[in-house]
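Engineer: Have a look; sequence and predicted model below, questions after that.
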Amino acid sequence: MDQVNGLMNSHNLLRRTMNFNLFPNSSESLSTKIATSQIPMRRIWRMLALRSALSFALLLLLAVIYKLSESNSAITDSSAWWLWFITVTNIVCITLMVYFGRIEGVRLQEIYFVNRSTWKGDLLWFLLAIAVTAVVALLPGTFLANLFWGDPNYPNNMLFQPLPMIAVYPLFLLMPTTQALVSYPFTGDM
C-alpha cells in the first residue's frame, strides 16, 4: 500500500511540475512561488497600487504644467489626456513585469501562454462575456445618464475631450494593446 501511495505522490508531483513548466502563470505555479517568497507579496501589492497611483500622478503633473502655463481649468485640460496616462502606466507595468519576470525566472512569452487544446472554447466564452458585459453595462448607463443629466451622451462628453489629432491616432493601437498585455497575466489560467 505504501508503494502505491508513494507512486501516486510521485505521479502528482510530476504532473504538477509539468504544469509549472507548461504554464508558469498558472495559479498552482504562482501560489508556490508566493509561498516560497520567490514572488514577495509586497511586490504584488505595490504593482497593483502603481497602476492607480502612476495614472493619478501623471494627471496631477500635467495639471501643474497647465496651471504654470496659466490655464483656468488645469485639471479639466489635463484630464483630456487620461487615455495617454493609462497607456504610459501600462507600458511601465509591462516593463516591470519583464524585469521582475527575469528575477523570478519567467520570460515574458511564458506569461502570455495559450492553451492550444482549449483556445476555441476560451474564445467562445470571451465573446459571450463581451456580449453580456456590453448589455449589462450599456442599458443601466444609458438609463442613469438620462435620469441624472437628461442626455445619454453626457458622460461621454465628460470622459472624452478634444486632443490634437496627432495624439489621438496612436491611441487606437497603443491603448487597447497595452491594456490587454498588462491585464492578461492577471487572469492566470481561468
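Structural biologist: Perfect, thanks for sending it.

Engineer: what's the closest non-adjacent residue to Leu60?
Structural biologist: Ser78 (7.7 Å; CB to CB, 6 or more residues apart in numbering). All C-beta atoms are positioned from the backbone trio N, CA, C, and that covers glycine.

Engineer: what kind of secondary structure is the one you found in?
Structural biologist: Ser78 carries the three-state label helix when classified by DSSP: H, G, I helix; E, B strand; the rest coil.

Engineer: go on, Gln38?
Structural biologist: Gln38 ends up coil, using three-state DSSP.

Engineer: Could you check the pLDDT of the residue nearest to Leu60?
Structural biologist: pLDDT, Ser78: 93.

Engineer: With Tyr66 as the reference, measure out to it.
Structural biologist: Look at Ser78 and Tyr66: by CB to CB, to the nearest Å, they are 6 Å apart.

Engineer: Looking only at neighbour counts, state which of the two leads.
Structural biologist: Ser78 (21 against 18; other CB atoms under 10 Å).

Engineer: wait, the more buried one sits on Ala63?
Structural biologist: Yes: in this structure, Ser78 is within contact of Ala63 by CB atoms under 8 Å, at 4.0 Å.

Engineer: Please parse the chain into its domains.
Structural biologist: Domain assignment for the chain, taken from automatic domain parsing, gives 2-111+153-160+167-187, 116-152.

Engineer: Lowest average pLDDT across the ones you listed?
Structural biologist: domain 2-111+153-160+167-187 (a mean of 81).

Engineer: Quick one: the helices in the chain, in order.
Structural biologist: All helices of the chain, identified by DSSP state H, fall at 2-22, 27-35, 41-68, 74-79, 82-104, 108-111, 119-149, 154-159, 165-183.

Engineer: Can you spell out which helices and strands pack onto the second one?
Structural biologist: I take that to be helix 27-35. helix 2-22 (3 or more CB pairs under 8 Å, 6 or more residues apart in numbering; DSSP states H and E).
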